[in-house]
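Colleague: next one to model:
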Amino acid sequence: MPTNTQMERCISSERGAMVFWSPEVQQRKPGSKVQIIDVFSLQVVTGYTRDPQGRLLLESQPSVAAGRSWSLAKAAQLIRNDARPHRWVALQLDKRAWGLFWAGGGLQHCRELLSQQVPASDISSALVAATPEALLRLVLDLGIDLPIPTHSPAAKPANDQHKGLWRIIAWTSLAWLTVLGVTVAGFLTALERQDRKLELLLERTAPSSGMR
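Modeller: Just a heads-up that it's a prediction; the model follows:
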C-alpha cells in the first residue's frame, strides 16, 4: 500500500478544507470539480441546510451516485462553514485521485489526520468501518432496484434474481478495486525504487566529481 509520505502528496489544505488530489495535478485550481466525502460515516454530500440556530449543515447519503459535484471553491466554503468542519474531505473528480482514495489507502489516511481534530466521542458515534462491503455499497448504490424480466414461467423469483445479480456485481467490483489497489501500490513502489536508485547514484558520483 502507498506510504503516508506518498499520501501527503495528494493532500492539501485549501481555504480551510482538506482536499485529496491526484498526485499528478500541478495546478490546483479553485474551479476544479470535487465531491465532498464524510470520511467517518462514509457518505457523500448531496446538499445543505441550516439548523434552528442558523448554522450550516451538510446533508449526505451513503451513495456516490447520489452525491453532488462542486467547484473546489464552493466545496471549501461549505466545509469551512459547516457545523462539523473536521469530518469532510473534498475529493477531486479524477480517476487517479478516486482510485487512490477508495482503493489505495487515501480514505484511511484522511481519517487518521482528521481524527486528530475531532473529539473521540464524535468519531465513535458516526464511524462506519471501511470494509470492502461498505465501500461497494457506497460506490454501487446497492439500494436501487433494477428492472428484472419475470415473464418466463421458469424464471426465478425477482428477489433471488436481484440477489444473484448484485452478488455478481459486488464480486466483480471488489476484484476491480483489488486490482486497482495493487496497481496503484505497485506503481508507487516502483517510483520509490527509482528515487532510491537515483539517490545512490548521486552518492556514488559525488566524491569523484569533487576530485576533478
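
Colleague: quick one, strands of this protein?
Modeller: Along the chain, counting by DSSP state E, strands occupy 11-14, 17-20, 33-38, 43-50, 56-61, 70-71, 88-92.

Colleague: which of those strands sits most buried?
Modeller: Of all these, strand 88-92 has the most neighbours on average by mean count of other Cβ atoms under 10 Å, namely a mean of 26. Just so you know, the C-beta spots here come from the backbone N, C-alpha and C atoms, and that holds for glycine as well.

Colleague: lowest-confidence helix or strand of this structure?
Modeller: Using mean pLDDT, DSSP states H and E, helix 158-211 stands out as the lowest-scoring helix or strand of the chain, at a mean of 58.

Colleague: before we move on, the earlier item: need the strands of the chain in JSON lines (columns: mean pLDDT and distance to Asn81).
Modeller: Listed next are the strands of the chain as JSON lines, based on pLDDT from 0 to 100; distance: least, Cβ to Cβ, whole Å:
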{"stretch": "strand 11-14", "mean pLDDT": "90", "distance to Asn81": "14"}
{"stretch": "strand 17-20", "mean pLDDT": "94", "distance to Asn81": "10"}
{"stretch": "strand 33-38", "mean pLDDT": "94", "distance to Asn81": "12"}
{"stretch": "strand 43-50", "mean pLDDT": "94", "distance to Asn81": "9"}
{"stretch": "strand 56-61", "mean pLDDT": "94", "distance to Asn81": "5"}
{"stretch": "strand 70-71", "mean pLDDT": "94", "distance to Asn81": "13"}
{"stretch": "strand 88-92", "mean pLDDT": "95", "distance to Asn81": "11"}
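
Colleague: nothing else from me, thank you.
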